[in-house]
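K.L.:
predicted model, plus sequence, below.
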Amino acid sequence: MGELLQGKQTMWSQKKVKDIAPLQRGFDLPATKLQNGKHPVCYSNGIVNFHNEFKVKGPGVFTGRSGTIGNVFFVNEDFWPHNTTLWVTDFNGNDEKFVYYFYQHLDLKKYNAGTGVPTLNRNDVHDLMVSIPDDIKEQQKIASILSTWDKAIGLKEKLIEQKKEQKKGLMQKLLTGEVRLSGFDEDFNLFKLNQILKIRHGKDQKKVENENGRYPILGTGGQIGRTDQFLYNKESVLIGRKGTIDRPFYMDKPFWTVDTLFYTEINDGFHPKYIYYLFTRIPWKKYNEASGVPSLSASTIGSIRVLVPSYQIQKEIAQILTKMDEEIVLLRQEMQLLKVQKKGLMQNLLTGKVRVNI
């Protein structure tokens, strides 16, 4: 961080956002008119398609106007900003990458003007008064520093995806017996899930809720509250009964589950974490029993057949996959730390609190 210099004095000016880098609504491009090409088509959630024509010369900066708002994107090449976006029409001599970070720092989500679909009104942003450095070299240095953090974050994201793919491939091989652990040559046996576990129903949580409670109350999407009572206090695999039916998760601490979430009692001879990994590979939506809100029944779950080796092999495989999960969690924590550091840098650099050495 030797590029930073506290208190270096160069000129910063107060300006309205519209005088720094004004925004304009993008252009219509119906799906029926989309022609495959090399030019990015930029939507409120980023680059989604490519077209044989462009509307704006790159580099450019755009953000969501309707639907997804708050995210800011940078595009190097000539592009077509869709009408769901707002794009910078004129950088007014400012560095393009600096403007990209400048708009990130404005936190555009705060300016949602929609009562239903999130909407960003450019007029709410244009009249904001902000300070920016006059010297483009200072702008470029600030952008360069923040780009270093973006590259580090991008690398972590890539490592996470690689690790997830490695785990996915390893699960396929280990949980089917395609690859055997060293020293174990036993066959895998076919079981119905009702031979492995008992499906239990959750209960209404209203009478037991306590925001300072010791135990989590779980719904299909994860924790939804706290309580001082639990329904179950052993290792368990949980799966949605109604709503989200394809996101199993594992608990090894006492918990309470609501009516829309099944929990399981795992029979002796079966390793709960191994069973969890089996659950993550089951195509649960295939077993949906409702035409409206997705639903599963205990009998349907119990009839599903899975391959299971001896308990010792289950344990070994579960330990290997758990180790990979822990590595992914660590990478995510490191990525989150980089994001926190970048946010702090943006706050300091884009307000002039900390100045750069140019």
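P.N.:
Ah, there it is. Numbering: from 1, shown residues only.
K.L.:
right, and L170 touches K323 too?
P.N.:
No. L170 is not in contact with K323 according to CB atoms under 8 Å; the separation is 10.5 Å. C-beta: built from backbone N, CA, C; applies to glycine.
K.L.:
joint contacts of those two?
P.N.:
Residues touching both L170 and K323 (CB atoms under 8 Å, 6 or more residues apart in numbering): none.
K.L.:
more neighbours: which of the two?
P.N.:
Set L170 next to K323 and count neighbours by other CB atoms under 10 Å: L170 wins out with 15 against 11.
K.L.:
and the more buried one, what element?
P.N.:
In this structure, L170 sits in helix 136-176 according to DSSP states H and E.
K.L.:
what do you get for R332?
P.N.:
Using DSSP H and E, R332 maps to helix 311-349.
K.L.:
what's the first helix or strand after that helix?
P.N.:
According to DSSP H and E, the helix or strand after helix 311-349 is strand 355-356.
K.L.:
neighbouring strands of that next one in the sheet, and parallel or not?
P.N.:
Its sheet considered, strand 355-356 pairs with strand 4-5 (antiparallel) by DSSP bridges.
K.L.:
remind me which helix or strand the spatially closest residue to E265 that is not a sequence neighbour belongs to.
P.N.:
Nearest non-adjacent residue to E265, counting by CB to CB, 6 or more residues apart in numbering: K198, 4.4 Å away. Following DSSP H and E, one finds K198 within strand 197-201.
K.L.:
who touches the next helix or strand after that strand?
P.N.:
Once the chain leaves strand 197-201, the next helix or strand it forms, by DSSP H and E, is strand 215-219. Outside strand 215-219, the residues that touch it by CB under 8 Å, 6+ apart are 202, 205, 208-209, 223-230, 238, 251, 253-258, 260-261.
K.L.:
now, of those, which are buried?
P.N.:
Buried subset of those (neighbour count, 16 or more other CB atoms under 10 Å): 202, 205, 208-209, 225-227, 229-230, 238, 251, 254-258, 260-261.
K.L.:
what comes up buried for stretch 58-76?
P.N.:
Neighbour-count burial for stretch 58-76 [16+ other CB under 10 Å]: 59-66, 68-70, 72-75.
K.L.:
for M335, give me its contacts.
P.N.:
153, 156-157, 160.
K.L.:
repeat that with 10 Å
P.N.:
If you count contacts by CB atoms under 10 Å, 6 or more residues apart in numbering, M335 has them with 152-157, 159-160.
K.L.:
please spell out the ChimeraX selection for the buried subset of those.
P.N.:
Selection of buried members from the contacts of M335 for ChimeraX, criterion 16+ other CB under 10 Å:
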select :152,153,156,160
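K.L.:
quick check: the farthest pair among the contacts of M335?
P.N.:
A152 and I160 (12.9 Å; CB to CB).
K.L.:
what do the two both touch?
P.N.:
Shared contacts of A152 and I160, counting by CB under 10 Å, 6+ apart, come down to 334-335.
K.L.:
strands of the stretch 1-150 of the chain, start to end?
P.N.:
Using DSSP state E, counting those that start in this stretch, the strands assigned to the stretch 1-150 of the chain run over residues 4-5, 12-16, 23-25, 39-43, 46-51, 60-64, 72-75, 80-81, 85-88, 129-133.
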